[in-house]
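**Q** got a predicted structure here, sequence first:
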Amino acid sequence: MASSLTCAGIFWAFLSFLCAAASCVGFFMPYWLLGSQLEKSVSFGTFRRCSYPVRDESRQMTVMVEQCGRYASFQAIPSAEWRICTVVTGLGCGLLLLVALTALMGCCVSELISRTVGRVAGGIQFLGGKCSCCEGLGV
């Protein structure tokens, strides 16, 4: 198992993987916004939600579904802004994972990561981080 990475490169690879994993877990969890509705605790993220109201037509009333789930379709996400957030944050997480997995492979495969590839990967990682970070901050 030969590697062309320096100690700093190996550290970068493992730190990149940890950050990408944390970003993806944060993206998939429905705990971005917490609150209460109809005296029940509710939470939701970009495409998942927990404890949400549903109209029960047989009883002609709104009931709370006390489970977590994703929206039925992309169009069911409440607003255009949340749809954009879902796409941009998902793209950012995908880019971060791509770079992190490539860097981890560079730890095991000799001459996979050159200086140029490292710089390009750093740029892609910056773009992925910017996509993930800005959407979380609402920028």
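**A** Great, that's in hand.

**Q** going by C-alpha atoms from here, please, whenever you check contacts or count neighbours.
**A** Fine.

**Q** where do the helices sit along this protein?
**A** 7-28, 80-108, 115-137 (DSSP state H).

**Q** from those helices, which stretch is densest packed?
**A** helix 80-108 (a mean of 19; mean count of other C-alpha atoms under 10 Å).

**Q** which helices and strands sit right next to it?
**A** When contacts are defined as 3 or more C-alpha pairs under 8 Å, 6 or more residues apart in numbering; DSSP states H and E, helix 80-108 sits against helix 7-28, helix 115-137.

**Q** now the longest one: how far from the chain's centre is it?
**A** Using C-alpha atoms, centre = their mean, to the nearest Å, the mean C-alpha position of helix 115-137 is found 14 Å from that of the whole chain.

**Q** kindly export that helix (C-alpha atoms) in PDB.
**A** Output of helix 115-137 as PDB, limited to C-alpha atoms (Å, rounded to 0.1, in the frame of the first residue of the first chain):
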ATOM      1  CA  ARG A 115       0.200  18.400  -7.200                       C
ATOM      2  CA  THR A 116      -2.200  19.500 -10.000                       C
ATOM      3  CA  VAL A 117      -4.800  17.000  -9.000                       C
ATOM      4  CA  GLY A 118      -4.500  18.100  -5.300                       C
ATOM      5  CA  ARG A 119      -5.000  21.700  -6.300                       C
ATOM      6  CA  VAL A 120      -8.100  20.900  -8.500                       C
ATOM      7  CA  ALA A 121      -9.400  18.700  -5.600                       C
ATOM      8  CA  GLY A 122      -9.000  21.600  -3.200                       C
ATOM      9  CA  GLY A 123     -10.900  23.900  -5.600                       C
ATOM     10  CA  ILE A 124     -13.700  21.400  -5.900                       C
ATOM     11  CA  GLN A 125     -13.700  20.900  -2.200                       C
ATOM     12  CA  PHE A 126     -13.900  24.700  -1.600                       C
ATOM     13  CA  LEU A 127     -16.900  24.900  -4.000                       C
ATOM     14  CA  GLY A 128     -18.600  22.000  -2.300                       C
ATOM     15  CA  GLY A 129     -18.000  23.500   1.100                       C
ATOM     16  CA  LYS A 130     -19.300  26.900  -0.100                       C
ATOM     17  CA  CYS A 131     -22.500  25.200  -1.400                       C
ATOM     18  CA  SER A 132     -23.100  23.400   1.800                       C
ATOM     19  CA  CYS A 133     -22.100  26.200   4.200                       C
ATOM     20  CA  CYS A 134     -24.000  29.100   2.500                       C
ATOM     21  CA  GLU A 135     -27.300  27.300   2.300                       C
ATOM     22  CA  GLY A 136     -27.000  26.400   6.000                       C
ATOM     23  CA  LEU A 137     -26.500  30.000   6.800                       C
END
